[in-house]
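**Student:** sequence and predicted structure are below.
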Amino acid sequence: MKQLLNSLSDGEIKLKEVPKPLVGKNEILIKTHYSAISIGTEKMLVDFGKANYIKKAKQQPEKVKEVINKVKTDGISTTYNAVKSKLDKPIPLGYSSAGEVIEIGDNVKEFRVGDFVISNGSHAEVVAVNKNLAAKIPSNVKLEDAAFTVISSIPLQGIRLLEPQIGETIVVIGLGLMGLIASQILVANGCTVIGTDVDEKKIELAKSYGINAVNVGQGFDIVNYVKNETNGFGADKVLITASTKSNEPILQSANMVRQRGKIVLVGVVGLDIDRTPFYEKEITFQVSSSYGPGRYDKQYESDGIDYPYGYVRWTENRNFRAILKLMEKGSLTFDNLITHKLNFTDASQVYTDISKESNVIGALFKYDAENTNLSVISHLENNSRIKHFMNEPTIGLIGAGNYTNQTLLPKINKKYRLKTIGSPGGMNASFVGEKHGFESATSNIDLIFEDSEINTLLITTRHDSHASLVRKGLHFNKSIFVEKPLAISNEDLEKIEEEYNGQHLMVGFNRRFSPITIKMKTLLSKLSSPKNIVIEINAGKIPKDHWTQDEKIGGGRLVGEACHFIDLAMFLAESKIIKYEIVCMDTIDETNDTFSILLKFEDGSIATINYNANGDKSYPKEIIKVTCENKILENNNFKILKGYGFKNFKTLRSAKQDKGHEACINLFLESVSSEKALIPFDDLVESARIAIELDKKMRGANEI
C-alpha cells in the first residue's frame, strides 16, 4: 500500500510503498476512500522540514537546551547522530479520512467489516486506528464530506468551550476552512455570527451560510463595527480560527468582546497579551485542545477505555458523531467548501501546487480503493550492503524504533545479510529497513520466524513482548539477540527456561563490551581481594505516562533499564550474587524511579547501584567506581577512565563515548556460527530474576 510521508530533515514529501499495517487490539483496519488535507497544519510541518537548522532551532528553543545538555554529557558526535536520525525519520501527514472497514481487532464490537467510517487516519491507502478514533458514517452523508469530520471536530471543541447560547453574538476571526465550519455550527446553534477575513471570496462564501461576514482589510475598524452591531455592548464571545504570528487577533478580540465575555483560541496566533482589557472586563481566555476530551490520553486513544458518559458528555469520539449528525441533518455542508479533489497518486506534488493557489479552502485526496495493494511485505530498494554474504548469518529483525534506527543498526558490520525487518505498522519497518540495507520489510512478523533462510533474530520491541518473541525464536531454533530486558515477569522468565534447550541466546548488555569496561576488567583481574563497586546513574526524569514506566509494558525503570547495571556489576565482580536489597525514594508521582540497590557477591564483593531520576542533565549520565586493594578505578560516562594507586596506569581517554554497542552486536553475530555464548544463559536469567524480585520488593515497600 502507499502512504504519504514527510521528512522533517529537508521537508521532502514522498509517496512510499509500505506493508499494510496489522490490526491491533482495540483497532480496526480501514481501506481509505478519501482523506481531507489540513492545509495549515500540514503545510506548517512541510515548511518546518524545509527550514535550515538555525530556523528549526528558533522554532523549538526548548529542544536546543536538550541538545546542549546532551553535548555536555555524551559529546558532539553522539548528539549530532541522534538529532540527525530523529530529523531523518519521516512522519505521516494527514489526520482526517473516510473509508471502509476491512478487518476488526480484538475487543472491538462497535464495528463490522464493510462499515463505512471516519477516522483520524493519515494519508494512506490503509490505516489502523483505535475504535475510539473512528465513527460510522450515516447512509445519507457523502464519503467526501465525511472525510472532513475529524478536522471539523477541532472548531466544534472550541465552540463547546465557548458555551454559546441561543441569541448570542459570536465573532469568528478567520474564515478559512475551520472558520467556515465553525460559523455553520454556530448558526445551527441559534447564534448571530460575525465573521472576519481579508479574502473577499471567503467573505462571499460565508454570507451564503447566513453569516454577517466583513472584510477587515484596508484599515477596516472591526472593533467599532462589532460594537455598532451589538448596541455598544460588544460581542458575547469570540472564536479565533486564524493562523498568523501577529498579536492583532488577540488584541482585537479583547477590545470587541463585552464585559465578562469569553475568547477561545482554536488557531495559531501571537500571544503577547495586553493585560489591561482582560483585567478591566474580566475576560475569560482559553485555548482549545484538538478534538476534545480523550485527546493525548493513552488509555482512551490506545487502550480503548472510554470516559463515563454521565461525567464527560463530549469526548473526541462523541464530537466526531455530533459532526456526522450535523451533516446528516444538513446543518453542516461542504458543497462549497471542497475546492480541490486530487488523486492520491499525485500526492507528493500537491503541497507545492496548492501553496501557489489562493482559492484553496477544502482539499481532498481521492483513492483508488478497488486496486489497493494489501500485501504485508514490501521489497526495499537499496545498495548499501554487500550482495554476496558467503556463510555469514542471515538476519531478521523485529522492531523499528529509535534504538534500532539510531543505535543498533548503524553499528552492524556491512558483511552481514539483513534480510527482513518487521513492525506492526509497516511504515517504520520500511523506512528503517531501506535506510540500513534490508531486502524487505513486513508488518507480519510471523513471516520472519517462518523464513528458513533467516537463522539469526534481533528483537528490539517494547519490553512486554520480549519474552514471547524469544520463546518463539527458540522454538524455531534461531540464534537470538534481544535488547534488554529478557523478561519483565517471573512467569515469562520461567517459560523461557522451559523452552530453552541450549540454543544461542544473547541479551544486549552492551556496557560490558565497552573498551573502557574491558580495560577495567583487565586491571581488576590482577587483584584477588573483594571489590566495592559503586555505579551512579543520572538517568533523568521521564513522564509517569511514558511506556517504560508502565509496569505491564515497560516493566518500570528498574526491570527495563537498571538491569543493565546489575549485569555490569556481575561482570566486574566476576562472582555470583548471593544477596540483594533495595530502597526507594518517596516521590509525589509514585514513579519508583529513584532508588539504590545493594548487591552482595559470593566472593565478598559488594556493589551499590544508585539510579537517580532527580539529577541535573548537565552532570555525567553514568559514573562507575571500583575500589580494591588500595586502588580505585573511575569510569566517567564511558569516555574517560582514571586509575588511582596503579603503577602503570593513570588515564585512558576515548575519542568519543563508547558504551560497547558496536562490539556487543558484532561479537554476537560472529558467535552465531559457533553458537558460543558470550554471556552464560544462567547469568542472563539470574540478572533478569534479580531485577524482577527487586522491583517487587520496591513496589511492595511503597504500598505499605
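**Tutor:** Now that the structure is in, tell me what you want to look at. Residues are numbered from 1 along each chain as shown.
**Student:** look up phi and psi at residue 128.
**Tutor:** Here is the backbone geometry of residue 128 (degrees, to the nearest 10): phi -110, psi 120.
**Student:** kindly report the same for residue 343.
**Tutor:** Torsion angles, degrees, to the nearest 10, at residue 343: phi -70, psi 140.
**Student:** try the one 3 residues further on
**Tutor:** Backbone torsions for residue 346, taken as degrees, to the nearest 10, come to phi -100, psi 10.
**Student:** do you know how far it is from residue 468?
**Tutor:** Noted for residue 346: a distance of 43 Å to residue 468, by Cβ to Cβ, to the nearest Å. For the C-beta atoms, the positions are set from N, CA and C on the backbone; glycine is no exception.
**Student:** for residue 526, same thing?
**Tutor:** 44 Å.
**Student:** buried residues in stretch 545-554?
**Tutor:** 547, 548, 549, 550, 553, 554 (16 or more other Cβ atoms under 10 Å).
**Student:** and the contacts of it?
**Tutor:** For stretch 545-554, contacts defined as Cβ atoms under 8 Å, 6 or more residues apart in numbering pick out 298, 462-464, 488, 542-543, 555-557, 560-561, 591, 593, 699.
**Student:** out of those residues, which are inside helices?
**Tutor:** The helices in this structure, assigned by DSSP state H, contain 298, 556, 557, 699 from the contacts of stretch 545-554.
**Student:** Produce a ChimeraX select command limited to the buried residues of those.
**Tutor:** In ChimeraX syntax, the buried subset of these is picked out as below (16+ other Cβ under 10 Å):
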select :556,557
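**Student:** nearest to residue 123, of the ones in helices among the contacts of stretch 545-554?
**Tutor:** Minimum separation from residue 123 among the ones in helices among the contacts of stretch 545-554 (Cβ to Cβ) is found for residue 298, which lies at 23.8 Å.
**Student:** would a markdown table of the buried residues of stretch 545-554 with pLDDT and secondary structure be doable?
**Tutor:** Shown next, in a markdown table, are the buried residues of stretch 545-554 (pLDDT from 0 to 100; DSSP: H, G, I helix; E, B strand; the rest coil):
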| residue | pLDDT | secondary structure |
| --- | --- | --- |
| 547 | 90 | helix |
| 548 | 91 | helix |
| 549 | 90 | helix |
| 550 | 90 | coil |
| 553 | 93 | coil |
| 554 | 94 | coil |
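**Student:** quick one: list the elements packing against the lengthiest strand in the chain.
**Tutor:** Using DSSP state E, we find that the single longest strand of the chain is strand 27-37. In this structure, strand 27-37 packs against strand 97-104, strand 116-119, strand 126-130, helix 143-146, strand 362-366, with contacts taken as 3 or more Cβ pairs under 8 Å, 6 or more residues apart in numbering; DSSP states H and E.
**Student:** ok, which of the ones you listed comes nearest residue 687?
**Tutor:** Among these, the nearest to residue 687 by Cβ to Cβ is strand 126-130 (35.7 Å).
**Student:** what's the first helix or strand after that closest one?
**Tutor:** The first helix or strand that comes after strand 126-130 along the chain, using DSSP states H and E, is strand 134-136.
**Student:** and the average pLDDT for that following strand is what?
**Tutor:** Mean pLDDT, strand 134-136: 98.
**Student:** got it, and stretch 696-704?
**Tutor:** 72.
**Student:** quick revisit: so residue 346 and residue 468 - more neighbours on which side?
**Tutor:** residue 468 (15 against 11; other Cβ atoms under 10 Å).
**Student:** list the contacts of that one.
**Tutor:** Counted by Cβ under 8 Å, 6+ apart, residue 468 has contacts residue 492.
**Student:** same check, this time on residue 342
**Tutor:** Residue 342 neighbours (Cβ under 8 Å, 6+ apart): 350, 363, 364, 365, 366.
**Student:** quick one: which of these is nearest to residue 146?
**Tutor:** residue 364 (10.8 Å).
**Student:** any figure for the gap between that closest one and residue 321?
**Tutor:** 21 Å.
**Student:** more neighbours, these two?
**Tutor:** Higher neighbour count among residue 364 and residue 321: residue 364, with 25 against 17, using other Cβ under 10 Å.
**Student:** thought residue 252 was touching residue 223?
**Tutor:** Yes. Contact criterion Cβ atoms under 8 Å: residue 252 and residue 223 qualify, at 6.0 Å.
**Student:** quick one, domains of this structure?
**Tutor:** Per automatic domain parsing, the domain ranges recorded for the chain read 2-148+334-367, 152-287, 377-507, 511-703.
**Student:** need the max-distance pair from the buried residues of stretch 545-554.
**Tutor:** 549 and 553 (8.8 Å).
**Student:** make TSV from the contacts of residue 342 and add distance to residue 190 to it.
**Tutor:** Below are those laid out as TSV (distance: Cβ to Cβ, whole Å):
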residue	distance to residue 190
350	38
363	31
364	30
365	35
366	36
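**Student:** out of the residues you listed, who's nearest residue 97?
**Tutor:** residue 365 (8.4 Å).
**Student:** residue contacts, that closest one?
**Tutor:** Per Cβ under 8 Å, 6+ apart, neighbours of residue 365: 34, 35, 36, 37, 94, 123, 342, 343, 344, 347, 350.
**Student:** tally up the residues packed near the residue lying closest to it once chain neighbours are set aside, please.
**Tutor:** Computed as Cβ to Cβ, 6 or more residues apart in numbering, the closest residue to residue 365 that is not its neighbour in sequence is residue 344, at 4.4 Å. Residues within reach of residue 344, counting by other Cβ under 10 Å, total 22.
**Student:** perfect, that will be all.
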